[in-house]
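**Student:** heads up, no residue letters with this:
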């Protein structure tokens, strides 16, 4: 999930950088070649994510490549005076997704230092370079905290999903066990009472959505048999003695509807 989120953010930033160059009328090969490498890199990461494959040191490599390519793009597009001077936002976002606060902060510090070095060497717009570096550092902290909350929520949702899948598997295993026990009972006994009790157990296992709730919220069930044209209770769970002696005509209501729907 983190890989897909980082890939999506990278596409958004790339579109923004291309738009900035277009508005600044600097869509030239000399200034867009790092963008081409970024696009190829993100296409490769998209393919790996689609195949559910990760490289060794996958997160560190992603953050490092984004830092290098964003730095190269920042330099060739004109530094702080260029139309896409905010290119340092990309490694900050990647760091916040993969490493939360410290990743975003580290990316912001490294890129801010690069901005200051370029500003000092060019001796132009030095004050603006300090301002951009300060803004990037602040954004690193902000997105770091946002990334921490986001990743925490994603981990919580994944844990809930894993728990739900484990419960589903447990329910399926319980149903298979009940079917096996019913089959074993049918093949090993001639007592219809035991067969009916096993059928009730299997029905309870199939209908109960959560095995842990079987004690706190027990199901009421019964197996009914026809006798002289009437339905009588053959075996039941949590029926009173009076209920056990009740017979039904099954001529109307839910019993009739169940019988009609059960006809071949």
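**Tutor:** Structure's in. What do you need? Computed from a predicted model, the values in this text were never measured in an experiment. Residues are numbered from 1 along each chain as shown.
**Student:** gap between residue 22 and residue 46?
**Tutor:** Distance of residue 22 to residue 46, computed by CB to CB, to the nearest Å: 23 Å. Where C-beta positions appear, they are placed from N, C-alpha and C, glycine not excepted.
**Student:** same thing with residue 166?
**Tutor:** 30 Å.
**Student:** okay, these two: which has more neighbours?
**Tutor:** Per other CB atoms under 10 Å, whichever of residue 166 and residue 46 has more neighbours is residue 46, with 16 against 10.
**Student:** State the mean pLDDT of the helix or strand containing the more buried one.
**Tutor:** Using DSSP states H and E, residue 46 falls within helix 29-50. Averaged across helix 29-50, the pLDDT comes to 90.
**Student:** right, and residue 23 touches residue 84 too?
**Tutor:** No: using CB atoms under 8 Å, residue 23 makes no contact with residue 84, being 9.4 Å away.
**Student:** Which positions within the helix or strand of the chain with the lowest mean pLDDT qualify as buried?
**Tutor:** One helix or strand of the chain scores below all others by mean pLDDT, DSSP states H and E: helix 192-207, with a mean of 72. Residues 195, 196, 197, 198, 199, 200, 201, 202, 203, 204, 205 are the ones in helix 192-207 that count as buried (16 or more other CB atoms under 10 Å).
**Student:** what about stretch 115-133, average pLDDT?
**Tutor:** Averaged across stretch 115-133, the pLDDT comes to 85.
**Student:** Could you do stretch 90-97 as well?
**Tutor:** Here the average pLDDT along stretch 90-97 is 92.
**Student:** From the rest of the structure, what touches that stretch?
**Tutor:** 2, 5-6, 9-10, 13-14, 17, 38, 62-63, 66-67, 70, 103-108, 110-111, 136, 139-140, 143-144, 146-148, 150-151 (CB atoms under 8 Å, 6 or more residues apart in numbering).
**Student:** Just the ones of those in helices?
**Tutor:** 2, 5-6, 9-10, 13-14, 17, 38, 62-63, 66-67, 70, 103-108, 110-111, 136, 139-140, 143-144, 146-148, 150-151 (DSSP state H).
**Student:** Put the buried members of those into a ChimeraX selection.
**Tutor:** ChimeraX command restricting these to the buried ones, with burial defined by 16+ other CB under 10 Å:
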select :2,5,6,9,10,13,14,17,38,62,63,66,67,70,103,104,105,106,107,108,110,111,136,139,140,143,144,146,147,148,150,151
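**Student:** ok, which stretches of the stretch 151-264 of the chain are strands?
**Tutor:** In the stretch 151-264 of the chain, the segments counted as strands under DSSP state E, counting those that start in this stretch are 221-227, 230-237, 247-248.
**Student:** Not counting its neighbours along the chain, what's nearest residue 237?
**Tutor:** residue 221 (4.8 Å; CB to CB, 6 or more residues apart in numbering).
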